[in-house]
Structure formats: structure tokens, C-alpha cells
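*Asks:* pasting the sequence and the predicted model now:
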Amino acid sequence: MKYKPKLVAFVGICTALAMILAYIEVLLPPLFPAIPGIKMGLPNIIILFLLYKRGPFFAAIVSVIRIVLISMLFGNMISFLYSIAGGILSLLIMILLRRLRCFSTVGVSVAGGVAHNIGQILMAMLLLETAELGFYLVVLIITGTISGILIGLCSAILIKRIPENILKI
Amino acid sequence: MKKASHKTIRNDIILVLSLLLIASIGLFYLFVLRDTGDTVKVTIGGENYGTYSLSKDIAKDIISGKNNEHHNLLIIKNGKVYIKSASCPDGLCVKHKPIFRDGESIVCLPNQVVVTISQNPKDNIVDAIA
């Protein structure tokens, strides 16, 4: 592939946006105050937007770079493993559902959110060598669905409103 | 941009409802069908650390990490288990509500500590540490 500075800049801006959303998310009051540690997944707005406007390649590359950078800056090896497991599973599911074209943005987002949580649970089962995380799975399916709906609605607005011509690379 | 048709919205609703249905079946199973457990099992990174009785009130500091630098203070009181304090940065295990049902667990990801309640333990209920 030919080296395109504009393309690199575009990926950089999107990654920065996704990272800052991950930071803002921590500052916001929790969506589910009763259950600690549940995040909404604001960066997924960017990933969804890219998936719809620029295709799976951009969505995947921004998602992976974001996870690697966030883990290097604020996390450790274990937090990286959890993020990457969730990130990749949710990415695969969202790309698949986007291809099928039988769900709207909200459906894709909900599936992605739940897949992200399931990916993390699977990684936890692998790392902790325990299969008794059923309670977390149930809770995370519910929270993933609710936050998936919200993220999906946000992304739908963005996808509709942001004009095509400012995304020209 | 193509507008979302009725069909895709219908599919979305089916997806959301089926996920919530799965979750509510899970919740029903977890909270209604399951009995109270009687043993507390602690593992660190998948390795057995200790087994305690749920009926006896104790306070036990679970030491973990390569140089014993991490700890989680496990409290068993009135047939319920909770973590009182921990060295992990997020402290999610401390905020977790007390557990007592069979199969419930408290997980501390940074310290790799898993506390699980079980009912009919395969191994005997002898305190493995004390």
C-alpha cells in the first residue's frame, strides 16, 4: 500500500478521539452506580462510526491501536489482555453483523457491547482458571445491552450528521 | 446514508429482547433456584489457597503476589463473605456485596484472587492453612 500521510493523520485523529473518550468515561458518573467497574464503552462510538463510514479495516486498526496505547499508558499486561480479548471479540461480531446488514447501528452496537463483555469474561476464565463467573456474565449481558443501545443511538446520530466530504482521505 | 428500515429496527428489538431474556433466565437461576452454600474456597491464579467454613466467623488476610506484596482481607461473618480491605488499585472486590449463595464469587483481578462459595465440597472441609 502506498504511504498516504492523510490516511495516517486520519487514523491518528480517530485513535486520539477514542482514547480521550475512554478518559472522559472514567470522569463521568457511572451509568450503573450499583455495580462498580462497569463502563459504557464510549470509544465504541468512534469504532462504530468508522465501521460504517470507512469500513472494517479502519475500525479494526483504530480499535487495536487504542487498546495497545491505553494499556501502555495507564494499564499493565493483565489489563491489556482483558481489553484486547473484549476488543477483538466485539470487533469481529460488529464487522459480521454489519456485513449481514439486517441490524441497524443500535443492534450492531448492542451485539458489540455484549461481545466485549463476554470476551473479557472468557479471558478472566482463562487467566484465573475458574469457570465460576456466571454471575458476572449475567450482569454484564444486561449492562452491555443497555449501554450498547445508548452508544448505538449516539453513533447513529454521528453517522447521519457528519458530512461525507470532511472524511475524504 | 440509507435510513434504518422497519425490518432492521425489528431485528434490533428481537436482539435486545433475546439478550435480556437470556439474562433474566440467568438471574432467575442465580437468585431463586440456588441454595445457600456452606464452604468458602479461595484460589490465587487458579491455585488452591484455602477452604473455610461459612458458618464460622473468621477474618483472614489472603497474601498473594510474587513477594507477598498483595493482600485481601477476607471476612466471614453471620454466614456471609466479603472483602474488607485490599491492596488492589481498583478495590472492586471491596465494593462487592457480601456473598453467601452456592456458586457466588468475589473476584479480585489485580491480585488474581477468587473467592467462591460452594455447597458440597469434594475435598474435606478442613482448614487448609490454620
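*Replies:* Sure thing, it's come through.
*Asks:* what is the neighbour count of B:T51?
*Replies:* 20 (other Cβ atoms under 10 Å in any protein chain shown). C-beta here means a position set from N, CA and C on the backbone, and glycine is covered the same way.
*Asks:* list the buried residues for the helix or strand where it lies?
*Replies:* In this structure, B:T51 sits in strand B:47-53 according to DSSP states H and E. Across strand B:47-53, burial judged by 16 or more other Cβ atoms under 10 Å in any protein chain shown covers B:Y49, B:G50, B:T51, B:Y52, B:S53.
*Asks:* and which of those is nearest to chain A?
*Replies:* Set against chain A, the nearest of the buried residues of strand B:47-53 by Cβ to the nearest Cβ is B:Y49 (12.3 Å).
*Asks:* so the spatially closest residue to the closest one that is not a sequence neighbour, which state does it fall into?
*Replies:* Leaving aside its sequence neighbours, B:Y49 sits nearest to B:V42 (Cβ to Cβ, 6 or more residues apart in numbering or on different chains; 4.3 Å). Under DSSP: H, G, I helix; E, B strand; the rest coil, B:V42 falls in the strand class.
*Asks:* show me what B:V42 bridges to in the sheet.
*Replies:* With DSSP bridges as the criterion, B:V42 is bridged to B:G50, B:V115.
*Asks:* and the pLDDT for it?
*Replies:* pLDDT recorded at B:V42 is 90.
*Asks:* distance of it from chain A?
*Replies:* Distance check for B:V42 against chain A: by Cβ to the nearest Cβ, to the nearest Å, it reads 11 Å.
*Asks:* so that residue sits against B:I63, correct?
*Replies:* No - shown here, B:V42 and B:I63 do not form a contact pair, counting by Cβ atoms under 8 Å, at 11.0 Å.
*Asks:* the more surrounded of those two?
*Replies:* Applying other Cβ under 10 Å to B:V42 and B:I63 shows that B:V42 carries more neighbours, namely 22 against 15.
*Asks:* show me the contacts for that one.
*Replies:* B:N48, B:Y49, B:G50, B:T51, B:Y52, B:I62, B:L74, B:V113, B:V114, B:V115, B:T116 (Cβ atoms under 8 Å, 6 or more residues apart in numbering or on different chains).
*Asks:* and the closest residue to chain A within chain B, how many residues sit next to it?
*Replies:* Nearest residue of chain B to chain A (Cβ to the nearest Cβ) works out as B:G46 at 2.9 Å. By other Cβ under 10 Å, 12 other residues sit near B:G46.
*Asks:* quick check: it touching A:L128?
*Replies:* Yes - between B:G46 and A:L128 there is a contact at 6.0 Å, judged by Cβ under 8 Å.
*Asks:* what mean pLDDT does the lengthiest helix in chain A have?
*Replies:* Criterion DSSP state H: the longest helix present in chain A is helix A:134-161. Regarding helix A:134-161, the rounded mean pLDDT is 90.
*Asks:* buried sites along it?
*Replies:* Quick answer for helix A:134-161 (16+ other Cβ under 10 Å): A:135-152, A:154-156, A:158-159.
*Asks:* same check on stretch A:93-103?
*Replies:* Quick answer for stretch A:93-103 (16+ other Cβ under 10 Å): A:I93, A:M94, A:I95, A:L97, A:R98, A:F103.
*Asks:* on that earlier part again, tilt between the helix or strand following the strand holding B:T51 and strand B:47-53?
*Replies:* As assigned by DSSP H and E, the chain's next helix or strand after strand B:47-53 is strand B:58-64. Using axes from the mean of the first three to the mean of the last three Cα atoms, to 10 degrees, the inter-axis angle of strand B:58-64 relative to strand B:47-53 is 180 degrees.
*Asks:* the helix or strand containing B:I14 vs chain A: in contact?
*Replies:* Under the criterion of DSSP H and E, B:I14 resides in helix B:6-28. Yes - counting by Cβ under 8 Å from any Cβ of the partner chain, chain A is contacted by helix B:6-28 at B:7-9, B:11-12, B:15-16, B:19-20, B:22-23, B:26-27.
*Asks:* using JSON lines, lay out these together with distance to A:M123 and neighbour count.
*Replies:* Formatted as JSON lines, the residues of helix B:6-28 next to chain A follow (distance: Cβ to Cβ, whole Å; neighbours: other Cβ atoms under 10 Å in any protein chain shown):
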{"residue": "B:K7", "distance to A:M123": "35", "neighbour count": "11"}
{"residue": "B:T8", "distance to A:M123": "31", "neighbour count": "19"}
{"residue": "B:I9", "distance to A:M123": "33", "neighbour count": "14"}
{"residue": "B:N11", "distance to A:M123": "29", "neighbour count": "18"}
{"residue": "B:D12", "distance to A:M123": "28", "neighbour count": "23"}
{"residue": "B:L15", "distance to A:M123": "24", "neighbour count": "21"}
{"residue": "B:V16", "distance to A:M123": "25", "neighbour count": "20"}
{"residue": "B:L19", "distance to A:M123": "20", "neighbour count": "19"}
{"residue": "B:L20", "distance to A:M123": "24", "neighbour count": "14"}
{"residue": "B:I22", "distance to A:M123": "20", "neighbour count": "16"}
{"residue": "B:A23", "distance to A:M123": "20", "neighbour count": "20"}
{"residue": "B:G26", "distance to A:M123": "20", "neighbour count": "17"}
{"residue": "B:L27", "distance to A:M123": "23", "neighbour count": "15"}
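*Asks:* cheers, nothing more for now.
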